[in-house]
Each structure stands twice: as C-alpha cells, then as structure tokens.
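Enquirer: Compute the structure for the input listed below.
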Amino acid sequence: MAFLTSWWVYLTMGIIFLYVLIQSIFALIKARKRAFALGFTKEQVNQTITSSMVFSLAPSLAILIGLVALSKVFGSMIAGMRLATLGAVTYELPAAINVISGVFGRQIGDVLTPEMVITAVWVMTLGCLPPLIIIPFFFKKMSSKMQDMRQKDQTWNQIMMDALFLGMISAFSGYILAPKTPEGEASYISILGIMVFATSAVIIMVLGYLMKKYKWDWLKNYALPVSMVIAMALAIVYAGWGVR
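Expert: Numbers count the residues shown, from 1 in each chain. Reported below is the predicted structural model:
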C-alpha cells in the first residue's frame, strides 16, 4: 500500500485541491461584486463572509470524523480529496465499507491490497457521477414538475418529501441492523452499532427540542456534528463495557 503515499498521489491531489481552491476564490470574488452591485455595504459583505466561516467550522467536524475513518482505507490524501470535492461522509464511508466487506470479505482495520482500495475508489467515483448528469440536464424539468405538484396538492407534496426522508433513514437503518459476518466467524447483529445509532438519534432529538423550545436557530449548524461526536465517544464507552 506504499503507493498511497507516493509522490504522484500528492501531485495529483495537489492539482485537484488547487483547482477547487481557485474555483472557490473566483466564486467569492464574483459574489462580492454582485453584492456591491445590489447595494450591500462593504461592512455587510465582510460580516456575512466572517459569519459563514465561523458557522462552517462546526459542520466540518463531521467531515473530519469521516476523513479519519476513510484515511484507514485510502490514506490521508485520497480520503481528503474525496471529502473535499464531490464526496459526502454519509455516502463515502458506507460505499467503501460495502465494497471492502461485501466484495472482498475484509474489514476497515484489516490489511488491504491495492486491488481492494482501487475498486472502492472506482465505486465511489462512479456513484457520484449520476448527480453530475441529472442536475445539469434534468433538474429544471424535475423542479418545474415538483412546483406544479406543490400548487395542485400541498398535502401530497409533504407526504412525498416525508417518504423520501424515511426511505433514506431506512437505508441507513438497514446498514446498522444487517448481520455482520467476519471472515471465519459466525454472523452476528452488532448491538454496539444499534446502541450508537439509538444514542445519536436521542441526542439529535434533544437538540431539536432545544432549538424549538428556546428558538436556538444557531444550533442547527452544530446539531449534526455534536450528535456524531458524542455518539462516537459513547461508542468507545460501550465497547469498553464489552458490547459488540
């Protein structure tokens, strides 16, 4: 696995990071010019930029957690590239685990071969392509149909959005509840995974209650990373108790 720290990996990732950084700076400059054209003052623009930077720090903790986990598989550079460009922690890590465990029968902490790592990278990359195709070519048409549906029947629109959300939650729930089959061992259901899943759900509900009761809108940006960090810390405690 020495190729993960080879010079050409650092060079390739550096070019990608530089491209994304230049693109971000270009968008920031264009946005500033547009804001001034709309009549915003320099103080308002700078305050918006500063507040956006501050509120982006907490959600970044969730990405950092995913980066640490993905680094066990792909090394820091490839993992950083995946999460800094197109990837999302809710997609990248399950995709990598499914390939490594489902196709090759290994676990994240095992010694992996280049074939395993490259296969996982291809799966994650190909999985990110459909949105890049759907959004530019079909989003406008899909959005207009969704708008028509909202105007005709607001109740149906709410039901559909709730169904989509529950479907997404069910997919992750199935991943937690599915039996684990380590190589050479009997299948088992991870009580540890279920406890961590339930703990994070309870924490996010408590934070949601606090936001609703005390009007803490600022907490919206912190709820997800806080629940993840606390649940992962408790996972260590649960594992220390012998929960598997």
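Enquirer: what bits of the protein have low per-residue confidence?
Expert: Residues of the chain meeting the criterion pLDDT under 70: 1, 58-59, 62, 87, 108-109, 182-183.
Enquirer: Just give me the longest helix of it.
Expert: Across the chain, the longest stretch assigned as helix under DSSP state H is helix 42-84.
Enquirer: Could you pull out the helices in the protein for me?
Expert: Under DSSP H, the chain gives helices at 7-37, 42-84, 89-97, 114-152, 154-177, 191-214, 220-240.
Enquirer: Ok, which of these comes nearest Phe104?
Expert: Ranking those by their distance to Phe104 (criterion: C-beta to C-beta) puts helix 114-152 first, at 5.1 Å. From N, CA and C alone the C-beta is placed, and that goes for glycine too.
Enquirer: Any buried residues in the closest one, and which?
Expert: 116-117, 119-121, 123-124, 128 (16 or more other C-beta atoms under 10 Å).
Enquirer: Can you tell me which of those residues is closest to Ile49?
Expert: Taking C-beta to C-beta as the measure, Ile49 lies nearest Cys128 of the buried residues of helix 114-152, at 28.4 Å.
Enquirer: So what's the residue count around the residue lying closest to the closest one once chain neighbours are set aside?
Expert: Among residues not flanking Cys128 along the chain, Leu86 sits closest, at 4.6 Å (C-beta to C-beta, 6 or more residues apart in numbering). Neighbours of Leu86 under the rule other C-beta atoms under 10 Å: 17.
Enquirer: Would you mind giving the buried residues of helix 114-152 as CSV with distance to Lys215 added?
Expert: Shown next, in CSV, are those (distance: C-beta to C-beta, whole Å):
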residue, distance to Lys215
Met116, 49
Val117, 47
Thr119, 48
Ala120, 43
Val121, 44
Val123, 43
Met124, 39
Cys128, 37
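Enquirer: which two of those lie the greatest distance from each other?
Expert: Maximum pairwise distance in the buried residues of helix 114-152, criterion C-beta to C-beta, is 19.2 Å, between Met116 and Cys128.
Enquirer: tell me the residue furthest from the middle of this protein?
Expert: Gly39 (35.8 Å; C-alpha atoms, centre = their mean).
Enquirer: Quickly note the distance from that one to Ile16.
Expert: Going from Gly39 to Ile16 by C-beta to C-beta, to the nearest Å gives 37 Å.
Enquirer: ok, how many other residues are close to Leu67?
Expert: When neighbours are counted by other C-beta under 10 Å, Leu67 comes out with 21.
Enquirer: I'd say it and Leu83 touch.
Expert: Yes - Leu67 lies in contact with Leu83 (C-beta atoms under 8 Å); the separation is 5.5 Å.
Enquirer: what packs against the longest helix of the chain?
Expert: Contacts defined by 3 or more C-beta pairs under 8 Å, 6 or more residues apart in numbering; DSSP states H and E place helix 42-84 against helix 7-37, helix 89-97, helix 114-152, helix 220-240.
Enquirer: Alright, calling it a day.
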